[in-house]
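Novice: Build me a model from this:
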Amino acid sequence: MRSPSNLDELLALRAQRDSVTSHEVVEAAGQRVPVRVFRPAGPPRAVHLDLHGGGFYLGPTARENARNQQLADALGFAIVSVDYRIAPEDPWPAAPDDCETAARWLIEHAESRFGTTRLTIGGFSAGSTLAMTTLMRLRGLNAFDRAVLQFGTYDLSGLTPAGRLIADEYFLEAYVGHMADRTVADISPIYGDLGGLPPLLMVVGGADVLLDDNQAMAARVRAAGGDVELRIYPEAPHAFTNQDTEQAKAARHDIECWLTKAV
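Specialist: Modelled structure (predicted):
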């Protein structure tokens with residue numbers, strides 16, 4: 001999918017998508033956020049907090065609902081997907097605020113709602129960026145056992161070599177155009193303190209413009225003493241795990257196996 005170059009293209013792209021509505025609204029620390037909940041057939045073995053992609057400017061689709069239900073069935077996990085606010089109507093910090101709210105709600109209510117305290121978190125593209133900022137905001141709680149980050153963008157400042165590759169993308173203007181300093185860790189996690197994170201699986205394609213960004217983030221996590229596994233799938237483009245290819249199937253299987261180790 002080609003990224004929009006201006007607001008008109010962004011709105012036209014939204015109009016073409018099969019958007020979906022939330023299942024319910026949850027609350028933590030006086031803040032409320034809509035979520036979608038997907039359950040396996042039996043009692044959940046764990047709960048996975050899912051942060052959808054879409055460049056910080058697109059909401060979830062029916063296809064993502066189907067993918068989350070398939071993941072719930074494959075893992076025996078409940079999936080809680082966060083419908084965070086999107087830009088440019090709600091720029092940073094709206095999205096990370098909503099993701100933190102959902103995470104705190106899950107930490108407080110997972111046992112009573114789902115019968116388990118085992119939690120994992122993951123994201124897809126922009127959702128991986130938000131998964132990382134959520135983990136950094138909640139550092140010290142040690143609530144999440146594992147995290148899966150699929151081809152996230154970790155430098156939105158455009159100052160690193162990896163960040164300069166996407167410096168002209170419109171989504172940056174929509175999401176953080178009001179910010180003079182984009183090296184804030186809550187915007188560009190690569191500049192933050194990366195210690196104290198749970199084990200990470202980072203998935204990215206060899207043909208993804210974000211490959212260098214993911215390699216740099218993995219190196220920074222390792223330098224901070226973290227446990228990170230970076231898997232690069234040759235010749236795969238951005239968002240390849242959402243495709244019906246052998247590479248995508250292999251990556252999805254790898255993700256499922258890795259998350260299963262949480263239980």
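Novice: Going by C-alpha atoms from here, please, whenever you check contacts or count neighbours.
Specialist: OK.
Novice: Please, where are all the helices along the stretch 101-250 of the chain?
Specialist: 126-137, 161-164, 170-176, 211-223, 246-260 (DSSP state H, counting those that start in this stretch).
Novice: Give me the distance from stretch 25-32 to the chain's centre.
Specialist: 20 Å (CA atoms, centre = their mean, to the nearest Å).
Novice: and stretch 45-65, which residues are buried?
Specialist: 45-60, 64-65 (16 or more other CA atoms under 10 Å).
Novice: same check, this time on stretch 218-237
Specialist: 218-221, 226-228, 230-233, 236-237.
Novice: circling back to that earlier point, among the buried residues of stretch 45-65, which lie within strands?
Specialist: Val47, His48, Leu49, Asp50, Leu51 (DSSP state E).
Novice: and Met1, what pLDDT?
Specialist: What the model reports as pLDDT for Met1 is 47.
Novice: same check, this time on the one 4 residues further on
Specialist: pLDDT, Ser5: 84.
Novice: still on that earlier bit, and the helices of the stretch 101-250 of the chain, which one's lowest on average pLDDT?
Specialist: What stands lowest among the helices of the stretch 101-250 of the chain, in mean pLDDT terms, is helix 161-164, with a mean of 92.
Novice: so what does that one touch, helix or strand wise?
Specialist: helix 211-223 (3 or more CA pairs under 8 Å, 6 or more residues apart in numbering; DSSP states H and E).
Novice: related to what we said a few turns ago, return the most buried member of the helices of the stretch 101-250 of the chain.
Specialist: Counting by mean count of other CA atoms under 10 Å, helix 126-137 has the highest mean neighbour count of these, with a mean of 25.
Novice: now the angle between strand 47-51 and that helix, please.
Specialist: Here helix 126-137 runs at an angle of 120 degrees relative to strand 47-51 (axes from the mean of the first three to the mean of the last three CA atoms, to 10 degrees).
Novice: How about residues contacting helix 126-137?
Specialist: The contact list for helix 126-137 (CA atoms under 8 Å, 6 or more residues apart in numbering) reads 50-56, 95-96, 99-100, 103, 121-123, 147-154, 185-189, 193-194, 197.
Novice: From Glu100, how far off is Gly192?
Specialist: 17 Å (CA to CA, to the nearest Å).
Novice: wait, Ile107
Specialist: Relative to Glu100, and taking CA to CA, Ile107 is found at 10 Å.
Novice: Mind pulling up the pLDDT for Gly225?
Specialist: 97.
Novice: Over to Ile86?
Specialist: So Ile86 comes in at 97 (pLDDT).
Novice: Tell me both backbone torsions, phi and psi, for the nearest residue to it once chain neighbours are set aside.
Specialist: Nearest non-adjacent residue to Ile86, counting by CA to CA, 6 or more residues apart in numbering: Tyr57, 4.9 Å away. Reported as degrees, to the nearest 10, the phi and psi values for Tyr57 are phi -130, psi 0.
Novice: wait, what's in contact with Tyr57?
Specialist: Leu10, Ile86, Ala87, Pro88, Phe171, Ala174, Tyr175.
Novice: quick one: which of these is nearest to Val203?
Specialist: Phe171 (21.6 Å; CA to CA).
Novice: Verify the stated contact: that closest one with Leu58.
Specialist: No: between Phe171 and Leu58 there is no contact under CA atoms under 8 Å: 10.1 Å.
Novice: Flag every buried residue along stretch 186-195.
Specialist: Those would be Asp186, Ile187, Ser188, Pro189, Ile190, Tyr191, Gly192, Leu194, Gly195, for stretch 186-195 by 16+ other CA under 10 Å.
Novice: Stretch 64-74 now?
Specialist: Neighbour count says stretch 64-74 has Glu64, Asn65, Asn68, Gln69, Gln70, Leu71, Ala72, Asp73 buried, by 16+ other CA under 10 Å.
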